[in-house]
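1. What follows is a predicted structure for the sequence shown.
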Amino acid sequence: MSLRTTGVYFIMVTLAFAQMAYFVFHDTKVGGGSDGIFLYAKPVLEIGGQTLVDLDKKAHFYYFTLGALAFTYGVLALIIRSRLGHALAGIRVNEQRMRAAGFRTYGYKLAAFVIAGALAGLAGFLVGVKDGAVNPELLSWHESGAVLLMIILGGIGSLRGAVIGAVAFTLLKELFQSEALLGPLAGHWQLTLGLTIIAFVALLPKGLIGLKQRLSGASHG
């Protein structure tokens, strides 16, 4: 159903389904209700009695997460260069023209949706292992909004921009929540973070990934 909509309607329908899932898990006993599910044991990979990966150890979890990032980046980079990636780029620009050219756009959009869902599942797995618990709050629209802010902050349409935006968003969030640095203002970190992102969008329409181009243009000017 979501794939039959476009533009802002696709976003609204997707968020609506996410909110429905949120209330299902929050208001019923499915998945532990509002308390969620606690993980009492974290994944361990053993071969021949020798532990190769123990995600309960911080160093192992760090490198596992780094490997997941590299894997995701590599897969998406390959997709962008593939026929699927070129077709999705064309659909983003003008879906009707792609249909006229003979592309069955629904199948391509479905593939993109499935890939995005799989990567979201990987991210959810990492969050669950890190926190030792999962709860319905992860299904709320705030999480989807945070991801959108990361992409906007880094630069839309760029893999490097997405990584830079995620890092920048996390650092800014930690900065504005620090009482040691901001004192009582840390209690209103959502306000300061929102104003900062608005300033970034106003000054850097292409995101942080476009900062280098903007600086080089200013120097040439």
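-> Received, thanks.
2. which stretches of the chain form helices?
-> 7-27, 58-81, 83-93, 95-100, 105-131, 141-154, 159-176, 179-182, 189-203, 211-220 (DSSP state H).
3. For V44, find the nearest of the ones you listed.
-> helix 58-81 (9.2 Å; CB to CB). Heads up, the C-betas are built off the backbone N, CA and C, glycines and all.
4. what's that closest one packed up against?
-> In terms of contacts (3 or more CB pairs under 8 Å, 6 or more residues apart in numbering; DSSP states H and E), helix 58-81 is packed against strand 50-54, helix 105-131, helix 159-176.
5. Of the ones you listed, flag the one that's most buried.
-> Stretch with highest mean neighbour count among the helices and strands packed on helix 58-81: helix 159-176 (a mean of 17; mean count of other CB atoms under 10 Å).
6. can you tell me the average pLDDT over it?
-> The average pLDDT for helix 159-176 rounds to 90.
7. Give me the contacts around it.
-> Contacts with helix 159-176, where a contact means CB atoms under 8 Å, 6 or more residues apart in numbering, come from 69, 73, 76-77, 80, 146, 149-155, 181-182, 185-186, 189, 192-193, 196-197, 207-209.
8. Quick check on those residues: which are buried?
-> 149-155, 189, 192-193, 196-197, 207-209 (16 or more other CB atoms under 10 Å).
9. Among the residues you listed, which pair sits farthest apart?
-> W189 and I209 (24.8 Å).
10. Now stretch 20-31: buried residues?
-> Buried, per 16+ other CB under 10 Å, within stretch 20-31: Y22, F25, H26, G31.
11. which non-adjacent residue is nearest the third one?
-> Computed as CB to CB, 6 or more residues apart in numbering, the closest residue to H26 that is not its neighbour in sequence is P136, at 4.0 Å.
12. Which parts of the chain belong to which domain?
-> 37-139, 140-221 (automatic domain parsing).
13. By mean pLDDT, show me the worst of those domains.
-> Comparing mean pLDDT over the domains of the chain, the weakest stretch is domain 140-221, at a mean of 82.
14. How far off centre is that domain?
-> 14 Å (CA atoms, centre = their mean, to the nearest Å).
15. how much space between the closest residue to T72 other than its chain neighbours and V75?
-> Excluding the flanking residues, the one nearest T72 by CB to CB, 6+ apart is L119, at 5.9 Å. Applying CB to CB, to the nearest Å, the value for L119 to V75 is 8 Å.
16. got any residues that touch both of the two?
-> In contact with both L119 and V75: no residue, using CB under 8 Å, 6+ apart.
17. check contacts around T192.
-> Here T192 is in contact with F176, L182, L185 (CB under 8 Å, 6+ apart).
18. Repeat the analysis, applying 6 Å as the threshold.
-> Applying CB atoms under 6 Å, 6 or more residues apart in numbering to T192 gives the contacts F176.
19. Distance check, it against L182.
-> Distance from T192 to L182, by CB to CB: 8 Å.
20. repeat for K130
-> K130 is 25 Å from L182, by CB to CB.
21. next one: E137
-> From E137 to L182 the distance is 25 Å (CB to CB).
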